[in-house]
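Engineer: got a sequence here, can you build the structure:
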Amino acid sequence: MGNQTSVTQFILLGFPLGPRMQTLLFALFTLFYAFTLLGNGTIVGLICLDSRLQTPMYFFLSHLAIVDIAYACNTVPQMLVNLLDPARPISFAGCMTQTFLFLTFAHTECLLLVVMSYDRYAAICHPLRYTTIMNWRICIILVVTSWVLGVLLALVHLVLLLPLSFCGSQKVNHFFCEIIAVLKLACADTHINEVMVLAGAVSVLVGPFSSIVISYAHILCAILKIQSRQGRQKAFSTCSSHLCVVGLFYGTAIAMYIGPQQGNPNEQKKYLLLFHSLFNPMLNPLIYSLRNKDVKSALKRILRKEDTSREH
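Structural biologist: The predicted structure is shown next:
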């Protein structure tokens with residue numbers, strides 16, 4: 001069969017549920033999807049419109065929000081279509097694109113979280129040199145590097161995936177074209193692909209997570225040295241939102257690779273990935289807006305400006 005691909009489309013099995021439950025999930029996930037777009041869109045809009053939020057910390061946050069929007073837009077619409085019409089196929093090209101984009105956004109988010117932890121480290125451990133360390137040139141380089149590495153790492157998987165022959169079942173046991181679920185349908189040896197997926201997962205999880213832990217170990221030491229209680233609270237409050245987002249992202253990502261091992265691991269990992277790709281992007285803007293006075297103040301200022309312009 002060589003490298004020819006005889007399968008031209010795939011069918012995403014999604015969630016094995018009854019029609020009524022699928023309709024309920026469609027309504028629920030549509031609502032969550034709308035909240036994700038609205039929440040992250042609001043964060044990006046506020047950072048662009050309010051000059052007080054145009055700092056390195058919020059510059060990185062705006063890119064995190066863009067990644068979350070892209071994350072959701074890549075997987076959720078197809079999932080919603082399949083909930084209404086489970087037999088609706090996705091083209092081979094569409095499936096490969098979805099796999100590539102998912103990996104790109106996952107890797108980029110991982111790296112952006114590391115960049116954000118470095119920003120907090122510079123702000124708390126070296127406050128007098130902060131503007132020098134995190135100047136705009138450095139910030140742009142860090143963000144561009146995160147995006148470029150995210151694309152290149154995903155491209156490695158795509159280059160290894162495209163030459164494979166798909167000649168058997170068309171049914172992908174997932175709600176989107178997740179790389180492992182797609183590899184299971186290949187009629188060729190996928191050992192190298194699986195090794196690369198595992199190596200990629202370890203490198204973008206263990207390495208960045210270790211960097212974040214080291215950054216926060218230094219941050220904690222610096223906070224404990226602050227004499228005033230108010231100063232300690234202020235320093236910690238600037239990190240708490242980022243810590244919550246890191247906990248959500250890495251918590252679900254690590255759980256997918258380490259566990260679960262009992263029951264039906266494939267089905268359980270599918271639900272973990274649903275949380276990772278739908279709920280995380282929805283919760284991130286809530287975490288940053290609820291725990292951040294600057295974001296809430298910016299929203300009030302923008303709304304006040306709109307009310308004033310309407311009155312005039």
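
Engineer: beta-bridge partners for Q9, please?
Structural biologist: Beta-bridge pairing of Q9 under DSSP bridges involves S91.

Engineer: show me the contacts for it.
Structural biologist: 89-92, 95, 170 (CB atoms under 8 Å, 6 or more residues apart in numbering). Just so you know, the C-beta spots here come from the backbone N, C-alpha and C atoms, and that holds for glycine as well.

Engineer: neighbour-wise, which of the residues you listed leads?
Structural biologist: The most crowded member of those, judged by other CB atoms under 10 Å, is C95 (24 neighbours).

Engineer: my guess is that one meets V172, correct?
Structural biologist: Yes - with contact defined as CB atoms under 8 Å, C95 reaches V172; the gap is 7.4 Å.

Engineer: next, show the common contact partners of the two.
Structural biologist: In contact with both C95 and V172: 10, 182, using CB under 8 Å, 6+ apart.

Engineer: mind putting the contacts of Q9 into a markdown table with pLDDT and distance to L155?
Structural biologist: Output for the contacts of Q9, formatted as a markdown table (pLDDT from 0 to 100; distance: CB to CB, whole Å):
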| residue | pLDDT | distance to L155 |
| --- | --- | --- |
| P89 | 87 | 25 |
| I90 | 89 | 21 |
| S91 | 90 | 20 |
| F92 | 90 | 18 |
| C95 | 92 | 16 |
| Q170 | 83 | 25 |
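
Engineer: of all pairs in those residues, which one is the farthest apart?
Structural biologist: The largest separation in those, counting by CB to CB, is between S91 and Q170 at 11.2 Å.

Engineer: what about L37, distance to C48?
Structural biologist: Going from L37 to C48 by CB to CB, to the nearest Å gives 16 Å.

Engineer: those two: who's more crowded?
Structural biologist: Between L37 and C48, counted using other CB under 10 Å, L37 has the larger neighbour count: 18 against 12.

Engineer: and for that one, nearest residue in space, chain neighbours not counted?
Structural biologist: Distances taken as CB to CB, 6 or more residues apart in numbering place I69 nearest to L37, at 6.2 Å, with adjacent residues excluded.

Engineer: out of the contacts of Q9, which comes closest to K225?
Structural biologist: Nearest to K225 among those, counting by CB to CB, is C95 at 52.7 Å.

Engineer: any buried residues in the helix or strand containing G41, and which?
Structural biologist: G41 belongs to helix 19-49 when elements are defined using DSSP states H and E. Within helix 19-49, the residues that qualify as buried by neighbour count (16 or more other CB atoms under 10 Å) are 22, 25-26, 29, 32-33, 35-37, 39-40, 42-44, 46-47.

Engineer: packing partners of that helix?
Structural biologist: When contacts are defined as 3 or more CB pairs under 8 Å, 6 or more residues apart in numbering; DSSP states H and E, helix 19-49 sits against helix 56-84, helix 280-290, helix 293-311.

Engineer: who does the longest one touch, helix- and strand-wise?
Structural biologist: Under the contact definition 3+ CB pairs under 8 Å, 6+ apart, helix 56-84 sits against strand 9-12, helix 19-49, helix 92-125, helix 136-161, helix 280-290.

Engineer: got those as JSON lines, with distance to V195 columns?
Structural biologist: Converted to JSON lines, the helices and strands packed on helix 56-84 look like this (distance: least, CB to CB, whole Å):
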{"stretch": "strand 9-12", "distance to V195": "23"}
{"stretch": "helix 19-49", "distance to V195": "33"}
{"stretch": "helix 92-125", "distance to V195": "16"}
{"stretch": "helix 136-161", "distance to V195": "10"}
{"stretch": "helix 280-290", "distance to V195": "27"}
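
Engineer: ok, which of the ones you listed comes nearest C244?
Structural biologist: helix 280-290 (4.8 Å).

Engineer: sorry, back to before: would you list the helices and strands packed on helix 19-49 in CSV and tack on mean neighbour count and mean pLDDT?
Structural biologist: Shown next, in CSV, are the helices and strands packed on helix 19-49 (neighbours: other CB atoms under 10 Å; pLDDT from 0 to 100):
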stretch, mean neighbour count, mean pLDDT
helix 56-84, 21, 92
helix 280-290, 21, 83
helix 293-311, 12, 70
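
Engineer: closest to E109 out of these?
Structural biologist: Closest among the helices and strands packed on helix 19-49, using CB to CB: helix 56-84, at 4.8 Å.

Engineer: mind telling me which of the helices and strands packed on helix 56-84 the model trusts least?
Structural biologist: With a mean of 83, helix 280-290 has the lowest mean pLDDT of the helices and strands packed on helix 56-84.

Engineer: relative to helix 92-125, how tilted is it?
Structural biologist: With axes from the mean of the first three to the mean of the last three CA atoms, to 10 degrees as the basis, helix 280-290 and helix 92-125 are set at 30 degrees to each other.
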